[in-house]
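Participant: Sequence and predicted model, in that order:
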Amino acid sequence: MTNSPPVAIDSERLWARHMAAAQLGATAGGGVNRGALTAPDIELHRQLAELAHARSFSILVDDYGNTFFRRAGSDPHALAVVSGSHSDTQPSGGRFDGIFGVLAAFEALEAIDDAGIDTRAPLEVVIWNNEEGERFRPSQMGSAVYTGVAELAPLLAATDDAGRSMDACVQALRSALAYLHVGRRALGEAFAVFVEAHIEQGPILEAARVPIGVVSGIQGTRKFEIEVIGDAAHAGTMPRSGRRDAFVDAIAIVNRLHEMFHDAADEVRFTIGRFDVYPGALAVVPERVWFSVDFRHPDEAVLVALGDALEPAVKAAVRCCEVLVKEPVRARPTQFTDMIANAIIQAADRRGLAWRSIYSGAGHDARYMAAHCPTGMLFIPCDGGISHNERENAQPEHVAAGAQVITDVMLELATRARPSD
C-alpha cells in the first residue's frame with residue numbers, strides 16, 4: 001500500500017447520522033420500517049443529497065433508482081472508487097442493516113473532503129435500491145440491474161401490495177431530488193473497485209471480541225415462490241372428502257421440505273419467510289396459498305442437488321390441489337478479490353484494530369458487484385448477532401472503527417497511480 005495521508009473520521013457526526021436516519025420509518029419497538037422508495041426512504045435520500053450538494057458532490061441517479069454521490073478526482077479518466085450499501089429495511093428491521101454501509105461511506109467522503117485531500121480517482125457513495133426485496137420482490141435488484149444480471153423493464157413494472165410500480169417510485173425519487181440538479185448515471189458504468197461495509201448479522205465477531213471482519217465471500221442462494229391452488233368453499237357445509245384445501249396441501253409441502261432440507265451438520269439454511277393464505281376469511285376453505293422458500297449453502301454442488309430436488313418434492317406432496325413453483329433468484333457462492341481484502345487488513349493493522357476473516361451467510365449487493373469489478377466487504381459486530389429485528393444494535397465504537405477502515409481503504413485505492421487496475 002502507498003502511504004496515504006491519515007484522515008480521521010468524525011465519530012460523533014457519524015453516530016448522529018445513524019440516529020437521525022433511524023427516525024425515518026421508526027417503529028414503536030425501536031426499529032425501522034423503511035421500504036424501498038417509500039416516503040421515509042426517499043426523505044433519507046433527499047437529506048443525504050442535500051449534504052452532498054452542500055459540499056459540491058455530484059448527485060446521480062440511474063434508471064432503477066440507485067443513487068450515487070460523487071466527489072471528483074483529479075484524473076477525469078480514472079474510474080471511481082465506490083462504497084455503500086442500501087437504505088431500505090425489513091418491515092420490522094433495525095437501525096444499522098444497510099444504512100451503516102451508506103453512512104460509513106458518506107463519512108469517508110466528508111472526512112477526506114474536510115482534510116482537503118485531492119484524490120486521483122473520484123470517490124463515490126452508492127445507495128443500492130431495493131436490496132431487501134420486501135416491498136418489491138425479489139431482493140438485491142439494484143445491484144443486479146446495474147450489473148446486467150437482471151433485466152430493467154420487468155423490475156420497473158413490478159408493483160407493491162398497494163399496486164404502485166417501481167417505475168412510479170423511481171420517478172418520485174427523481175422529483176424529490178430535482179431541485180438539487182441531479183444527473184443521470186448509466187447502468188453498468190464501470191467502477192475501479194467496490195467495497196461494502198455492513199453489520200455482520202451474526203454472532204461470530206462479537207463472540208471473538210473482534211471489531212473488524214474481513215469478508216472472504218458469500219454463500220450461494222436459491223429463492224423459490226410456491227403457489228398452491230385449490231377451491232374456496234363454505235367451512236360449515238363442504239365435507240372433508242370434497243374439499244380442495246390449499247392450506248392443507250401447503251402444510252404437507254412445508255413438512256416435506258423441512259425433512260428434505262435437514263442436515264446433520266446444520267450447514268443448510270432453509271427458511272419460509274412469508275406465508276399468505278387467501279381469501280383469509282374465518283368461514284372459507286382456503287383456495288390459494290403463496291409462500292417463499294429461501295435456501296442457502298456455501299457449496300455449489302449442494303445448492304444444485306437440493307435446489308433441483310425441490311420442485312419434484314413439492315409436486316409429490318400435494319394431494320388434491322395444483323401447485324406452481326417459480327425460482328426468481330439463483331446466485332452461486334461468491335468469492336471476493338484478495339486485493340480488497342488485503343487493503344482492509346492493512347488499514348485495520350495500521351489503526352491497531354483486531355480483525356478476522358469471515359464468510360457471509362447473508363446475501364449483499366457486493367455479490368453482484370464481484371463480477372463487475374474488484375470487490376470486497378467489511379463487517380462490524382452487531383449485538384447478539386441479531387438482525388432483521390427491531391432489537392438490532394451496534395456499538396458506537398464498532399461503527400466508528402468500520403467507517404475509519406472504509407475511509408482509509410477508499411483513500412488508499414483512490415490515490416494509487418492507476419486506480420482502475
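Facilitator: Alright, I've got the coordinates.
Participant: just the strands in the stretch 51-200 of the chain please.
Facilitator: Per DSSP state E, counting those that start in this stretch, the stretch 51-200 of the chain carries strands over the ranges 58-61, 67-71, 80-86, 123-128, 183-184, 191-199.
Participant: Out of those strands, which gets nearest to Asp114?
Facilitator: Of all the strands of the stretch 51-200 of the chain, it is strand 67-71 that lies closest to Asp114, at 11.5 Å by CB to CB. The way it works is simple: take the backbone N, C-alpha and C, and place the C-beta from them, glycine included.
Participant: chain center to that closest one: distance?
Facilitator: From the chain centre to the centre of strand 67-71 is a distance of 18 Å (CA atoms, centre = their mean, to the nearest Å).
Participant: Leaving out the residues flanking it, which one is nearest to the residue nearest the centre of the chain?
Facilitator: With distances taken as CA atoms, centre = their mean, the residue of the chain nearest its centroid is Glu131 (3.9 Å). Excluding the flanking residues, the one nearest Glu131 by CB to CB, 6 or more residues apart in numbering is His86, at 3.4 Å.
Participant: So what sits opposite that neighbour in the bridge?
Facilitator: Beta-bridge pairing for His86 (DSSP bridges): Trp128.
Participant: Look up how far Gly376 lies from Gly188.
Facilitator: In this view, Gly188 and Gly376 are 20 Å apart by CB to CB, to the nearest Å.
Participant: Of these two, which one has the most company?
Facilitator: Legend: neighbour count by other CB atoms under 10 Å for Gly188 and Gly376, higher for Gly376 (27 against 11).
Participant: In terms of pLDDT, where does Pro419 sit?
Facilitator: At Pro419, the model reports a pLDDT of 41.
Participant: thought the residue nearest to the centre of the chain was touching Pro138?
Facilitator: No - using CB atoms under 8 Å, Glu131 is not in contact with Pro138, being 10.6 Å away.
Participant: For Ser292, grab phi and psi.
Facilitator: Backbone torsions for Ser292, taken as degrees, to the nearest 10, come to phi -100, psi 150.
Participant: what's the closest non-adjacent residue to it?
Facilitator: Once flanking residues are discounted, Ser292 sits nearest to Arg274: 4.6 Å by CB to CB, 6+ apart.
Participant: I'd like to know how many residues surround that neighbour.
Facilitator: Residues lying near Arg274 (other CB under 10 Å) number 13.
Participant: Which residues are in contact with it?
Facilitator: For Arg274, the contacting residues are Trp290, Phe291, Ser292, by CB atoms under 8 Å, 6 or more residues apart in numbering.
Participant: just checking, the second one touches Asp249?
Facilitator: Looking back up the chat, that one is Phe291. No - if you go by CB under 8 Å, Phe291 and Asp249 don't touch, sitting 11.6 Å apart.
Participant: Who has more neighbours out of the two?
Facilitator: More neighbours surround Asp249 than the other of Phe291 and Asp249, with 23 against 19 (other CB under 10 Å).
Participant: Can you name every helix or strand that the host helix or strand of that one contacts?
Facilitator: Using DSSP states H and E, Asp249 maps to helix 246-260. In this structure, helix 246-260 packs against strand 220-229, strand 275-278, strand 288-297, helix 300-317, with contacts taken as 3 or more CB pairs under 8 Å, 6 or more residues apart in numbering; DSSP states H and E.
Participant: So for Val277, what's the pLDDT?
Facilitator: Here the pLDDT value assigned to Val277 is 98.
Participant: now the helices and strands packed on helix 246-260 in a markdown table, with distance to Leu324?
Facilitator: Shown next, in a markdown table, are the helices and strands packed on helix 246-260 (distance: least, CB to CB, whole Å):
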| stretch | distance to Leu324 |
| --- | --- |
| strand 220-229 | 4 |
| strand 275-278 | 14 |
| strand 288-297 | 9 |
| helix 300-317 | 9 |
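Participant: Please identify which of these is closest to Arg391.
Facilitator: Comparison of the helices and strands packed on helix 246-260 against Arg391 by CB to CB identifies strand 288-297 as nearest, at 21.2 Å.
Participant: re earlier: which one of the contacts of Arg274 is nearest to Asp114?
Facilitator: Sorting the contacts of Arg274 by how near they are to Asp114, with CB to CB, puts Ser292 at the top with 44.7 Å.
Participant: does that closest one have beta-bridge partners, and which?
Facilitator: Note on Ser292: beta-bridge partners by DSSP bridges are Glu225.
Participant: still on that earlier bit, identify the residues contacting the residue nearest to Glu131.
Facilitator: Applying CB under 8 Å, 6+ apart to His86 gives the contacts Gly98, Ile99, Gly101, Val102, Ile127, Trp128, Asn129, Asn130, Glu131, Glu132, Gly142, Asp365.
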